[in-house]
Structures are given as C-alpha cells and as structure tokens.
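**Q** Generate coordinates for the sequence data below:
(2 chains)
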Amino acid sequence: MPGVDSTFESTLGSAGDGAPAVEIDGLVKRYGGTTAVDGLTLTCARGAVTAILGPNGAGKTSTIEICEGFRRPDGGTVRVLGLDPADPALRPRLGIMPQTGGVPPAARAGEWLRVVSRFYAHPLDPDALLGVLGLTGHTRTPYRRLSGGQQQRLSLAAAVIGRPELVFLDEPTAGLDPQARHACWDLVAALRAAGVSVVLTTHQMDEAEKLSDHVVVIDHGRVVAEGTPASLTGAERQLRFRARPGLDLEELLAALPPGSAAKESPSGHYIIEGQVGPQLLATVTAWCATEGVTTEDLRIERRTLEDVFLELTGRELR
Amino acid sequence: MSTIATLDLTPRPGAAPLHRMVLAQAGAEIRAMLRNGEQLLLTMIIPVLLLVGFSTAPLVDIGGGARVDFVAPGILALAVMSTAFTGQAIATGFERRYGVLKRLGATPLSRAGLLLAKTVAVVAVEALQVVVIVAVALALGWSPHGDPLWAVPLLLLGTAAFSGLGLLMAGTLRAEATLAGANLVYLVLLGLGGVLFPLDRFPAGVQHVLGLLPISALTSGLRTVLSDGGGFPGGALLVLLCWTVAALALAARTFRWE
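**A** From the prediction side, this is the model:
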C-alpha cells in the first residue's frame, strides 16, 4: 500500500510526470452482450478542460469510470497521469465526482467533507470551500435533506478538497439551478487557471462551449468528432429568424443565390445557410416584406455546438 | 462569504498518514452508529432491557445461583453480536447500495484502511456497551467470579468472528436482504445461543450442534471466565477462531464493493 505509512507527495519527476492527463487507446468495455465502449481512443491534455459529450448510453460514464479505476477495461489501454488507473499511487492525485451518490444519507454535509479532507496531506479548508459553493448554511444538514443541487455541490467540493492534479466530473451540473451552475463553472475555470486538469461529461452544450479547451463527442462507444469548440462549430454562418409557421421555402430559395439552403426546424424557426452576407440578408428581408412576413429574432451566427452534436449523433431519442 | 479567489487550488496532492485517515473514518462511523436510533435500540436498549428483565423476574429457570450472574455474560455476548454483526452488516450493506464504499475507494483511504476504521469503530462502541452493561449488572447485584481479563480475548475474537459474518452478508446480499437477514439471525441466535436460555434445556444432540454456534461459544466462554471462575477458555476461543477464519476468508473472496 504505497502512501499509507508516510505522507505521499507527488513532486516533479514523480512517476508519469509529463504524460497527458488521460491517454486512452482502443478502449473496449462490454457488459454481457452489450458493447458500451467500442475501440475508443482519446487524449486529454494536462492543465486543460476536456468535455466529453454524447447521448445517453454513448459510453461516457463507462469511459470515465475506467479512468477512475472503478472498472477494468476489456480491451485497449488507459493511462491516467501516465499510470495504470488501478495504481493506488493515483488516488491522492485524482479528484472524482460521481454522477450520483457516494455520501451516506445521514451524514452531515460539513462533517462529511471534513472527514474526506482528513484523507489528504494538504487539503483545502472545508469551511471555505463550502462557502464558495454556497453551502455555509447547510453544514449541519444531513445529506438526504439537501436539495439535489446542494448534493451535487457537496460532491463537487469533495472532488477538489484534496488539491488534486486531475479532476473527473461526471455531469457536474445536472439538476443545478442557474446560480449553482455558474458557481460550478467558476470553480472549473478557477481549477483550470490553477493548472488542474479537468475531464467532465455533460449534456449541456453551452457548458462544453464555455468551459472547455477540447471537446470530444462520443457515440456508440467511439469518438465521432473532437477539437476545440470553435473548430467543431466551424466558420460557417447561418441566418436564423422566427416567423409564422409554414412559409413557402421553395419560393424563398428561388430568390436566393444558388447553393443556399433553407429549412424550418422546429416549426416557426427558420435557418438559411449558404453565402451568408449582406446580400443574402437583404434578399431575405425583401422577400419577407413582399410576403408580408414579420420576422422576430433575426440574426446571423455560427452553428452552435448543439447543431453539430445533433448532426453527429442524430435526432432519435435514446 | 468566501470567494473563489481565496482558495488555493494549485495542485498539491498527497495522502494523509494512515492513522489520521483511519481515525477520521472511524470517528465518522462511530457518530453514525450513535446517532442511528434503530442501531441504538439494537446495541444498547434491547440488551439493557433484557438484562434488567431476565435478572429481576423469574422468566427462565437457570438452575440455581443469582439470576444476574447467569444473564450478564450472555448480555455481553449479545452486545458484541449486535454491534459487530447486525449493526455492521446493515450499515455496510447500505453503504454499498448508496455507493459510499465505491466513493471511498477513490480517496487515498485504502480498503484495508477502511476495514481497520470499521473495526476501530465497532470496538469503541462495544467498549461503551460493556461499560453500560457492566454498570447496570453491578447495580443489579452481579458479582463476577474469576479473572475478567480472560473476557478480553473472548470479546475481541467474538468481534472478529461476527464482523466477518456481517461483512460476508453485507458484501453479497442486497441491502434490504441484509437488513432482514441480519435481524433474523440476531433473533435466532438470541434464542438458540444460550444468551438467556441455558443450552442444557435442549435435547443432548441439538445441544452439541448449538454449542458450536459463535454466539454459544462466546456466551459459554464468558460465563466460564466471569461466573464460574474458570481460567483459559480454550474451547470457546477455538470455536470462535474457526468462525473468524472461515467468515473472513469467505468475505474476502466474495465481497462486492458496489
């Protein structure tokens, strides 16, 4: 049991230094006849925030739990900070926030966080951390009486209390109200600024877009796209507006330069793609004037990460 | 109100020394046990009520001698069983269900450290039980004969055997099944293990089998050293040792952490 009889310090030059935060090559994980992760390969850089996106069942949690050492892979290799995820030397260096649970329901929030802090050599002050996360008034509240958002924040606090080098957050903002979500984002940004590597999963595209240096989209257990948020959304712009449903888009397209595309999705929301510039804008507004159509929310913007995500993973419900 | 700028999040990882981790976790387990109403009922209230009831009222024919001299060692054995087996099995079963064991596995506290912390917590609560039970028994006129030091290895080995059985149950069954099973086993062993009803009331063949139960070994061993003034309780210790080795070996092979 390394690190148990004396204080285990991770210093420069220790095992795996200089290695990426996470390095996954050809990872396979099966549960019975189901293949949850199917040859997944990805690298998460040190000191960066990596967001793993994917529909439910895409293999996000399986992947992250293998990195955390909770599950063993059926194939491929995984290195975390250059080490095998099962290596006990990793435990003090990682902070993890599971998707749910992990806290005894009767444990009081402040006491529990203090106990967790006692497992580390140089922990953050639990009270200060609870303050930052807006839990100061709940230190004596049993975990089961906290709201869902408060439980999530306590779990996040436990993930960072040991001053880890690498933090895994599995859907950190699921169920959070907007204030709590922003508090969580601020903490992730502060971790990144302090040089901590962060790997998070999320369904919130705006979260991935705002927070991450690198986005990895996975589906059916494989990486389907990755890059910076800007590189994924691309330089291509779109003209969007809202108007009454059922406009005759064939007629509009006839007025637009060749190569343009127009679609109504969802009902009453229109997207025009093509050579989006002043000429196209003028043509569309002129056409609307002729047709007596009042537009709302007319704007030109890049594709959002959500558009890219839906294109990559389809619109079917899982 | 703290702001995020006041936190130094710069990585500075490191595990605390083992003793600090174990004491922190043991403290949490002790608080959890003492705050849980059902657990207190099982570990404190029921044993004390049985001690008072069976020592003062002629509920069972114990065949001569002061009633409390017969009952007190049995109640001490019951206290060990309630904390090391029933309480620990139920608590650990639900910790597994709620992902607490899994979550702890991601901290520097090793599994061995966690088991050590659980043992420290069980022994601490048992010490509290022993103090309360002995005080009540003495107030009821208990006069132990013999060397009470011999009771210590019996209590410790009994704790080990019952902990092994409790963890075996908690690590393999669903939490609800553990809850039901651990309570049922508690009741059955209370009835059949010589705690309150002398084993010699059972038919001879049954007596020998019942005598091999861990609770019977602990009860009879404690009675030998505390009531009959007997010395080294070799037979009882041997039976408890066998249960300890078997239960811990099986638990180690079958325990599922999540």
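**Q** What segments of the stretch 101-250 of chain B are strands?
**A** Ranges of strands in the stretch 101-250 of chain B, per DSSP state E, counting those that start in this stretch: none exist.
**Q** Quick check: chain neighbours aside, which residue is closest to the closest residue to chain A within it?
**A** For the stretch 101-250 of chain B and chain A, the shortest gap (C-beta to the nearest C-beta) falls at residue B:103, measuring 3.0 Å. In this view, the C-beta of every residue, glycine as well, is placed from N, C-alpha and C. Spatially, and ignoring its direct neighbours in sequence, residue B:103 is nearest to residue A:102 (3.0 Å; C-beta to C-beta, 6 or more residues apart in numbering or on different chains).
**Q** What of residue A:226?
**A** residue A:216 (4.4 Å).
**Q** For residue A:145, grab the count of nearby residues.
**A** Look at residue A:145: counted by other C-beta atoms under 10 Å in any protein chain shown, it has 13 neighbours.
**Q** Tell me how far it lies from residue A:153.
**A** 14 Å (C-beta to C-beta, to the nearest Å).
**Q** just checking, residue B:108 touches residue B:18?
**A** No. Assessed by C-beta atoms under 8 Å, residue B:108 is found out of contact with residue B:18, at 9.2 Å.
**Q** Looking at these two, which is more packed in?
**A** In this view residue B:108 and residue B:18 are compared by other C-beta under 10 Å, and residue B:108 has more residues nearby, 28 against 19.
**Q** For residue B:231, see how far away the nearest residue to that one once chain neighbours are set aside is.
**A** Excluding the flanking residues, the one nearest residue B:108 by C-beta to C-beta, 6+ apart is residue B:15, at 3.4 Å. With the distance defined as C-beta to C-beta, residue B:15 ends up 45 Å from residue B:231.
**Q** Between the two, which is the more surrounded one?
**A** Neighbour count, other C-beta under 10 Å: between residue B:15 and residue B:231, residue B:15 has more, with 30 against 10.
**Q** Counting residues, name the longest helix you see in chain B.
**A** helix B:111-139 (DSSP state H).
**Q** ok, how many other residues are close to the nearest residue to residue A:197 once chain neighbours are set aside?
**A** What sits nearest to residue A:197 in space, not counting adjacent residues and going by C-beta to C-beta, 6+ apart, is residue A:21, at 3.8 Å. For residue A:21, the tally of surrounding residues (other C-beta under 10 Å) stands at 25.
**Q** quick one, what contacts residue A:21?
**A** By C-beta atoms under 8 Å, 6 or more residues apart in numbering or on different chains, the contact list for residue A:21 reads A:44-48, A:50, A:80-81, A:165-166, A:197, A:199.
**Q** Provide a list of residues in contact with the residue nearest to residue B:103.
**A** Residues in contact with residue A:102 (C-beta under 8 Å, 6+ apart) are A:155, A:158, B:98-100, B:102-103.
**Q** Ramachandran angles for the residue nearest to residue A:197?
**A** phi -60, psi -50 (degrees, to the nearest 10).
**Q** do residue A:19 as well
**A** Given degrees, to the nearest 10, the pair of backbone angles that residue A:19 has is phi -70, psi 160.
**Q** hmm, back to that, per-residue confidence at the residue nearest to residue A:197?
**A** pLDDT for residue A:21: 97.
**Q** same check, this time on residue B:213
**A** 96.
**Q** Give the closest residue to it in space, chain neighbours not counted.
**A** Excluding its sequence neighbours, the residue lying closest to residue B:213 (C-beta to C-beta, 6+ apart) is residue B:193, at 5.2 Å.
**Q** Let me know the pLDDT of that neighbour.
**A** At residue B:193, the predicted lDDT confidence score is 91.
**Q** Chain A: strands as residue ranges?
**A** Assigned by DSSP state E, chain A shows strands spanning A:8-9, A:22-31, A:34-44, A:49-53, A:75-80, A:94-97, A:166-170, A:197-202, A:214-219, A:222-227, A:237-242, A:261-264, A:269-273, A:296-302.
**Q** tell me which parts of the stretch 51-200 of chain B are close to chain A?
**A** B:95, B:98-100, B:102-103, B:105-110, B:112-113 (C-beta under 8 Å from any C-beta of the partner chain).
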